[in-house]
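*Asks:* Return a 3D structure for these sequence lines:
(chains A and B)
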Amino acid sequence: MNYVPGTASLIDDIDKKHLVLLRDGRTLIGYLRSIDQFANLVFHQTVERIHVGKKFGDIPRGIFIVRGENVVLLGEIDVEKPCDAVLQQVSIEEILEEQRLQQQAKQETEKVKIAALKDRGLSIPKADNLDEY
Amino acid sequence: MQLLFYSFFKSLVGKDVVVELKNDLSICGTLHSVDQYLNIKLTDISVTDPEKYPHMLSVKNCFIRGSVVRYVQLPADEVDTQLLQDAARKEAMQQKQ
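*Replies:* Below is the predicted model of the structure:
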């Protein structure tokens, strides 16, 4: 990422509102203030947005420094494009509850799957990476 | 430094591609720019496949870190496979020495 024309540079994205998808599955939204060659990012007025189904909730997080290796995708938010048509914003408590339920349901299905495999004498070892995106 | 595919992608700037990420998310868009790490910038994006990823609704342009790309899907008529094969072979020979 440098000043050579044609290269994928984030220089022009500075001070604009962005959405970043992280490898642990989190979505952060904020103003991009600083970048470097590793795609390390400094976010200002960051909000962590949690999505469960059609609902979402925002948790204010302040200033974030994201290490580049954790970045999946960085998208510029177009303020004109509305997202309220499909999505419904709810309170922090509600979205955290929804997320907890979603995690629970996922763990249940995982348990059932592992039990089924065990019956057949198979086992899938847990992956080394912590990626959950 | 292996720059063959960097040059290859540079020649495809302006074309429509589909980038499939390692998290199974597929994004269709116009290739805006690429860099030596094969980071990709796409414009006018749309999420192909069922929109299980609602957070992308307000995003028109995006930067994708090269390390998370699984595939870049290109229309066949945009690629001269023979040329690419020859170039890759030459680069491999050079790297061996």
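*Asks:* Now do the SS call for A:Q107.
*Replies:* What DSSP: H, G, I helix; E, B strand; the rest coil gives for A:Q107 is helix.
*Asks:* near chain B, which residues of chain A?
*Replies:* A:1-2, A:6-10, A:13, A:19, A:21, A:23, A:27, A:39, A:49, A:51, A:54, A:56, A:68-69, A:71-79, A:81-83, A:86-87, A:131, A:133 (CB under 8 Å from any CB of the partner chain). For the C-beta atoms, the positions are set from N, CA and C on the backbone; glycine is no exception.
*Asks:* What segments of chain A are strands?
*Replies:* A:17-22, A:27-35, A:41-52, A:55-66, A:71-77, A:88-89 (DSSP state E).
*Asks:* Enumerate the positions of the third one that are buried.
*Replies:* Using 16 or more other CB atoms under 10 Å in any protein chain shown as the test for burial, strand A:41-52 gives A:41-43, A:46-52.
*Asks:* That strand: partners in the sheet, and parallel or antiparallel?
*Replies:* Sheet pairing of strand A:41-52 (DSSP bridges) gives strand A:27-35 (antiparallel), strand A:55-66 (antiparallel).
*Asks:* Mean neighbour count, those: which tops it?
*Replies:* Most buried of these, by mean neighbour count (mean count of other CB atoms under 10 Å in any protein chain shown): strand A:27-35, with a mean of 19.
*Asks:* So what touches it?
*Replies:* Applying CB atoms under 8 Å, 6 or more residues apart in numbering or on different chains, the contact partners of strand A:27-35 are A:1, A:10-11, A:13-22, A:41-51, A:58, A:61, A:64, A:66, A:74, A:77, B:55.
*Asks:* rewinding a little: okay if I get the strands paired with strand A:41-52 as JSON lines plus mean pLDDT?
*Replies:* Below are the strands paired with strand A:41-52 laid out as JSON lines (pLDDT from 0 to 100):
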{"stretch": "strand A:27-35", "mean pLDDT": "95"}
{"stretch": "strand A:55-66", "mean pLDDT": "94"}
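*Asks:* For A:L117, find the nearest of those.
*Replies:* With CB to CB as the measure, strand A:27-35 is the member of these nearest A:L117 (31.6 Å).
*Asks:* Which residue is the nearest non-sequential neighbour of A:A39?
*Replies:* A:G68 (3.6 Å; CB to CB, 6 or more residues apart in numbering or on different chains).
*Asks:* does that neighbour really touch B:R65, like I thought?
*Replies:* Yes. Using CB atoms under 8 Å, A:G68 is in contact with B:R65, at 7.2 Å.
*Asks:* who has more neighbours, the two?
*Replies:* Neighbours per residue (other CB atoms under 10 Å in any protein chain shown) separate A:G68 from B:R65, with B:R65 holding more: 23 against 17.
*Asks:* one step back: overlap in contacts of A:G68 and B:R65?
*Replies:* A:A39.
*Asks:* and the closest residue to A:D131 other than its chain neighbours, how many neighbours?
*Replies:* Distance criterion CB to CB, 6+ apart; nearest residue to A:D131, sequence neighbours excluded, is A:R23 at 4.9 Å. Around A:R23 there are 20 other residues, counting by other CB under 10 Å.
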